[in-house]
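Student: Quick one, fold the following:
(4 chains)
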Number of protein chains: 2
Amino acid sequence: MNSMRDVARLAGVSVATVSAVLNGKDTVSAGATRRVEEAMKALDYHPDQVARSLRVGRTNVIGMIVPDISNPFFSEIMRSVEEASEKKGFSVIMCDSNEDSGRERRHLSTLYSRRVDGVLLASSVSDAAQDRLTMRRFPIVFVDAIPVGTKYGAVIVDNLQGAHAATRHLIELGHSKVAIITGSLDRSVAIDRLEGYRKAMQEAGLVVADDYIKKGDFHVTSGYRCGIELMKSPEAPTAIFSCNNAMTLGLLRALADLSIPCPARVSVVGFDDADWATSFAPRITCVAQPTNEIGKVATEMLLEKILSRNGNHEPPNVVLQAELRVRESAMRLQ
Amino acid sequence: MNSMRDVARLAGVSVATVSAVLNGKDTVSAGATRRVEEAMKALDYHPDQVARSLRVGRTNVIGMIVPDISNPFFSEIMRSVEEASEKKGFSVIMCDSNEDSGRERRHLSTLYSRRVDGVLLASSVSDAAQDRLTMRRFPIVFVDAIPVGTKYGAVIVDNLQGAHAATRHLIELGHSKVAIITGSLDRSVAIDRLEGYRKAMQEAGLVVADDYIKKGDFHVTSGYRCGIELMKSPEAPTAIFSCNNAMTLGLLRALADLSIPCPARVSVVGFDDADWATSFAPRITCVAQPTNEIGKVATEMLLEKILSRNGNHEPPNVVLQAELRVRESAMRLQ
DNA sequence: ATGAAAGCGCTAACAA
DNA sequence: TTGTTAGCGCTTTCAT
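Tutor: Numbering: from 1, shown residues only, chains lettered A, B, ... in the order given. Now for the predicted structure:
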């Protein structure tokens, strides 16, 4: 493993000069620069970022914590985070909290020990006190979900508006018996989506029957269970709004098992778009979240915070809009 | 930012003692241990892994490079890699090569500079010479795809057997007009799957018509295009084997667009299982790859290589079996 | 324009 | 059992 000293020796200069060349200082003579560069190439020299990090007090690494790496919603965000980071010379350590606040805290601690320059936190379970503490350690940008009351340093989606658009779409198609399969109601995103549904129903003067509000947990099985319960009840809805991709899959599985045709007998609108949404027959109408944008904006916000580490520069939350994509799984009530 | 010296001062001991406590050496007196631990807690001390890494020459970080972070096949592997790594105290830097060998090389170089202890490489485009060079830098375990001829240090799936099982299943259902939608044929996995198809066809004494071998590229659109071409041809097949999840989605979309019922008019078997596969009606018969196992085994192999950095301990390739999951998208030819 | 040397926070060899 | 100290590879003053 060659170090700067080896390069310096071969080039016949001091390590300071090698360092200067490496960092593009303009105080090095052309000759020295050339000799150093040749030596670096000859030795296949790769500067030790660990040593550099120790010295300059920055690692150019960020951490990202998500509740589930293999959930497409998060993996799409991760992809754009990685891309935006790489572009600025940052690497990213990916952590899966598995929706467990204990694991999340341990990851945060590890990342702190590794001296990452900042963290993107897509938390399923926010502990405001804990978060406040963590924010003293390094710059944090919250993604997707935020601790209640957070006004700064977060990139989120307008879940209320998205759910509202989905529900209103169903209502405009003539449906009044509209049910919702919610996410875990201890999560802000789930609450907001339920609220969007409620608002649209109320605006239309429709009663929201308790039986039409089915509590899911963002996972496939809960979508399945809620779908079965809904469609087996005597007052089955004619339209269902499902609050995320996994539960939509569960719902569709339920409809298939019950041989209930969609949209002929029940219309479906899902939250989150996905590759499979346009491969189903009918293609699934849904509210698409801008995953690429989320990752890109969050990364830029975090790097901005990191690089301008002077004043307590706190960027206000960025709220991205979700987009209703009208396809064929929701149709006019006959 | 508190350092060891702060802890040492507060505890009234030397930094060496603090270090010893931290590393669980049994040479420290009970009293000193207690005082050090109290001091660490009081100062919210988190040891600097950067400094430690520099000193001990190990970072406890591994890198993982995949062609596409947001592809479920890879994100599932990533999840189990992260889990297995975390369990052993390793963090993982995730890199997306975007199927570009240039980007892959740059990532490898960055990871080297960051002095990661090893790399998990799921390469879409293998450059044997390059790989050989890289392997001199740090331990590498190839995942999913391997440079041709690699006998050691790789975790792969028996693609030939998997494709063979899929094709044979179709044949056993009475199909003789069996088509295949292949992946990019410059990739070993794609070649092996095609080979498995060929083998099953030949064993059954069936001719493999050139028109039934459609070249896709592992992406949705190619599956769609191939599906359309196949079903619009005068000699349309009665069964199609699609070589990965994305192309299966494209194929299903094509069938929906053409209003061709599956499995009534054409049977489908896909490679890769997915959440959506059991939400379709019919549920999709497929060959499932053991993604969790892949990630787990690959991580263990890499950490093994890292921790036993003595003899040129080269573990032979591990070949995992893919499993045919019979559902309803492939049925007996009427 | 260049080099000598200090020091980032830690570990480990050695001394006491 | 504990402390002193060198040094990991780098950047950055400060001389020259």
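Student: alpha carbons only for contacts and neighbour counts from here, please
Tutor: Will do.
Student: okay, the helix or strand containing A:Thr110 in CSV with CA atoms only?
Tutor: In the assignment (DSSP states H and E), A:Thr110 maps to helix A:101-113. The C-alpha coordinates for helix A:101-113 follow below in CSV (Å, rounded to 0.1, in the frame of the first residue of the first chain):
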residue,chain,number,x,y,z
SER,A,101,-36.5,2.5,16.9
GLY,A,102,-33.9,0.6,18.7
ARG,A,103,-32.1,-0.4,15.6
GLU,A,104,-32.5,3.1,14.3
ARG,A,105,-30.8,4.5,17.4
ARG,A,106,-28.0,2.0,17.1
HIS,A,107,-27.4,3.0,13.5
LEU,A,108,-27.4,6.6,14.4
SER,A,109,-24.8,5.9,17.0
THR,A,110,-22.7,3.9,14.7
LEU,A,111,-22.9,6.6,12.0
TYR,A,112,-21.8,9.1,14.6
SER,A,113,-18.8,7.0,15.5
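Student: That one packs against which elements?
Tutor: With contacts defined as 3 or more C-alpha pairs under 8 Å, 6 or more residues apart in numbering or on different chains; DSSP states H and E, the packing partners of helix A:101-113 are strand A:61-66.
Student: Any buried residues in the helix or strand just after the strand it packs on, and which?
Tutor: Per DSSP H and E, the first helix or strand lying C-terminal to strand A:61-66 is helix A:72-87. Using 16 or more other C-alpha atoms under 10 Å in any protein chain shown as the test for burial, helix A:72-87 gives A:72-86.
Student: Say whether chain B is contacted by helix A:72-87.
Tutor: Yes. Legend: contact between helix A:72-87 and chain B by C-alpha under 8 Å from any C-alpha of the partner chain is shown at A:72, A:75-76, A:78-79, A:82-83.
Student: Show me what that helix is packed against.
Tutor: Judged by 3+ C-alpha pairs under 8 Å, 6+ apart, helix A:72-87 is in contact with strand A:91-96, helix A:291-307, strand B:91-96.
Student: Format these as JSON lines; extra columns: mean neighbour count, mean pLDDT and distance to DNA strand D.
Tutor: Below are those laid out as JSON lines (neighbours: other C-alpha atoms under 10 Å in any protein chain shown; pLDDT from 0 to 100; distance: least, C-alpha to the nearest atom of the strand, whole Å):
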{"stretch": "strand A:91-96", "mean neighbour count": "25", "mean pLDDT": "98", "distance to DNA strand D": "17"}
{"stretch": "helix A:291-307", "mean neighbour count": "21", "mean pLDDT": "97", "distance to DNA strand D": "14"}
{"stretch": "strand B:91-96", "mean neighbour count": "25", "mean pLDDT": "98", "distance to DNA strand D": "20"}
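Student: Of the ones you listed, which is nearest DNA strand C?
Tutor: When the helices and strands packed on helix A:72-87 are compared by C-alpha to the nearest atom of the strand, strand B:91-96 sits nearest DNA strand C, at 16.7 Å.
Student: Let me see the domain layout of chain A.
Tutor: If you go by automatic domain parsing, the domain ranges for chain A are A:4-47, A:59-157+A:291-320, A:159-289.
Student: shaky segments in chain A?
Tutor: Low-confidence segments of chain A (pLDDT under 70): A:310-312.
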